[in-house]
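J.: have a look at this prediction, sequence included:
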Amino acid sequence: MRTVWKFNIPLEGSIAMPDGAQPLAVQVQDGAPCLWAMVDPSQPSVLYPIHVMDTGQRMAEPVGRYVGTFQLAGGSLVFHLFIEMEAQDA
């Protein structure tokens, strides 16, 4: 059975989610960037490398799948989240 879970987004590194997770949305909640994803809780947890890019920042290719944009500091900081959907062992 699939369900939607929320994950905190670190500004670099990876996010541990059940294997096969499907990112749905990125928003800021209580001042922290969060990712909502559809997951199957029965699947093992794996690491999905992420890339959080500033607007205007040069990026190496590939950076993964674009998931969404979020703003911090009242909108003065704008970031874009990319996730490499090829999971790594947790």
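T.: Sure, I can see it. Numbering: from 1, shown residues only.

J.: okay, now the unreliable bits of the chain?
T.: The chain contains residues with pLDDT under 70 at 87-90.

J.: just the strands from it, written as ranges.
T.: 3-8, 12-18, 22-29, 32-39, 45-54, 65-72, 77-83, 88-89 (DSSP state E).

J.: which parts of the third one are buried?
T.: Across strand 22-29, burial judged by 16 or more other Cβ atoms under 10 Å covers 23, 26. (C-beta placed from N, C-alpha, C; glycine too.)

J.: how far out from the middle of the chain is that strand?
T.: Offset of strand 22-29 from its chain centre (Cα atoms, centre = their mean, to the nearest Å): 7 Å.

J.: and what of the fourth one?
T.: The chain centre lies 7 Å from the centre of strand 32-39; the measure is Cα atoms, centre = their mean.

J.: same question for the first one.
T.: Strand 3-8 has its average C-alpha position 10 Å from the chain's average C-alpha position, going by Cα atoms, centre = their mean.

J.: just the angle for it relative to strand 32-39, thanks.
T.: 150 degrees (axes from the mean of the first three to the mean of the last three Cα atoms, to 10 degrees).

J.: which strands border strand 3-8, and is each parallel or antiparallel?
T.: Applying DSSP bridges to the sheet, strand 3-8 is found paired with strand 32-39 (antiparallel).

J.: name the residues that touch the strand it pairs with?
T.: With contact meaning Cβ atoms under 8 Å, 6 or more residues apart in numbering, strand 32-39 is reached by 2-9, 15, 17-18, 20-28, 52, 67-68, 70, 72, 79, 81.

J.: could you export that strand as PDB, CA atoms only?
T.: In PDB, the C-alpha atoms belonging to strand 32-39 read as follows (Å, rounded to 0.1, in the frame of the first residue of the first chain):
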ATOM      1  CA  ALA A  32      12.300  24.400   6.700                       C
ATOM      2  CA  PRO A  33      12.300  23.000   3.100                       C
ATOM      3  CA  CYS A  34      10.400  19.700   2.800                       C
ATOM      4  CA  LEU A  35       9.700  17.100   0.100                       C
ATOM      5  CA  TRP A  36       6.500  15.100  -0.100                       C
ATOM      6  CA  ALA A  37       6.800  11.800  -1.900                       C
ATOM      7  CA  MET A  38       4.600   8.800  -2.600                       C
ATOM      8  CA  VAL A  39       6.200   5.800  -1.000                       C
END
